[in-house]
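In: attaching a predicted model along with its sequence, questions to come.
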Amino acid sequence: MRIGKVEWQGGTAPPLFLAPMEDVSDASFRRLCKEMGADAVVTEFISSEALIRQVEKSWQKAQIWEEERPIAIQIFGSELESMREAARLIEKVQPDWLDINYGCPVSKIVCKGAGAAILRDIPKMETLTRAIVESTSLPVTVKTRLGWDASSIRIIEVAHRLQAAGIQALAVHARTRADGYQGKVRWEWIGYLKQDPSIQIPIIGNGDIDSPQTAWELYHTYKPDALMIGRAAIGYPWIFREIKHFFETGKLLPPPSLEERIETLRKHLHYALHLLPQPPQKTLIELRKHYSGYFKGIPNGKSIRLSLMEAHTPTELEKCLDRIQKAYRGQEVDAVLCFP
């Protein structure tokens, strides 16, 4: 499989991508996932309008590091000129490729005509995509959904149109916009795309890949070129390592120990403090969404998560983690609260 100059050689496991997730797939988490086995990562989505207006926060999201490669920067928008200019600007950052978001189902994005809203106007999607491809030397990919709702699934047509427009890969979340993140994913449509001999671009399958066994089953049933993992990685970057091990051996790795979880969270905090240009207090707030994943399945895990939520500074969080380690080493599993 190839996107631009990046090529993944065939192996036991398919390439594993970290999905773009707002307020999740920042530089600190991307780096962790790369260390855990992700073969490629994608930034949080970035507004094309904000980029051309030089909004500092948006340009901070577009900052990348060599350790993250291969990496794509994802943009969204609905206005042709803004999208085209944003693509030109992103070219200066030199990601490995540029990704377009045509799949976000969130109302505040859709009401602006961006994200999944464009699924209601396939000709516009094609026009926007072609304009972006022609405006940049970067390889261009697209992430989208099956359609607006169950009555308007047009992903086969979309794949043909976008391939003709010049994209180099298509990532598909196997739900419609109306589905949001609920209900059964329709992975059979990934299979239909791969069965169409006229679709030559790589197809990246996304949606409810939450375990090594699920990854194995979906890959071998529907045969996408790569798998993209999203929500299952939140607070659990080990998912990439575990999937690769299962593909290679047919066996499940034991879950990470409490010690490894705590040390990985410490590393996550360290990366966030050094890579994200924001106040430490904001970093602590953003880390909270990961706590559930970090301590899932650990005895007294709920108490640990609640205690960590009370830490408001990096020092407080480090001290809380120290107390948790001490409590578990002494098997005092009821004594993990850091803030009475």
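Out: Perfect, I can see it now. What you see is a predicted model; the values in this text were computed from it and never measured.
In: is residue 127 in a helix, a strand, or coil?
Out: helix (DSSP: H, G, I helix; E, B strand; the rest coil).
In: what's the distance between stretch 176-187 and the middle of its chain?
Out: 17 Å (CA atoms, centre = their mean, to the nearest Å).
In: same check on stretch 44-57?
Out: Distance, centroid of stretch 44-57 to centroid of chain: 19 Å (CA atoms, centre = their mean).
In: what do you get for stretch 138-152?
Out: Distance of stretch 138-152 from the chain centroid (CA atoms, centre = their mean) equals 15 Å.
In: stretch 12-23 too?
Out: Using CA atoms, centre = their mean, the offset of stretch 12-23 from its chain centre is 6 Å.
In: list the buried residues of the helix or strand where residue 160 lies.
Out: Using DSSP states H and E, residue 160 sits within helix 155-165. Across helix 155-165, burial judged by 16 or more other CB atoms under 10 Å covers 155, 156, 158, 159, 160, 161, 162, 163, 165. Every residue, glycine included, has its C-beta placed from N, CA and C.
In: repeat for stretch 228-248
Out: Within stretch 228-248, judged by 16+ other CB under 10 Å, the buried ones are 228-247.
In: give me the contact list for the longest helix seen in the chain.
Out: As assigned by DSSP state H, the longest helix anywhere in the chain is helix 258-275. Contact partners of helix 258-275, identified using CB atoms under 8 Å, 6 or more residues apart in numbering, comprise 26-29, 31-32, 65, 237, 256, 280, 283, 286-287, 290, 294-295, 298, 314, 317-318, 321, 324-325, 328.
In: do the same with stretch 211-231
Out: Against stretch 211-231 from outside (CB under 8 Å, 6+ apart): 1, 8, 14-19, 21, 38-40, 143, 169, 171, 181, 187-188, 190-191, 194, 202-206, 208-210, 232, 239-240, 242-243, 245-247, 252.
In: check stretch 93-101 too.
Out: Residues outside stretch 93-101 that contact it (CB under 8 Å, 6+ apart) are 3-6, 20, 40, 42-43, 45, 62-64, 69-76, 83, 87, 90-91, 114-115, 128-129, 132, 136, 138-143, 168, 171.
In: try 7 Å
Out: Contacts to stretch 93-101, defined as CB atoms under 7 Å, 6 or more residues apart in numbering, come from residues 3-4, 6, 42, 45, 62, 64, 69-76, 87, 90, 115, 129, 132, 136, 138-143, 168.
In: now, these that are in helices?
Out: Mapping those onto helices (DSSP H) picks out 87, 90, 129, 132.
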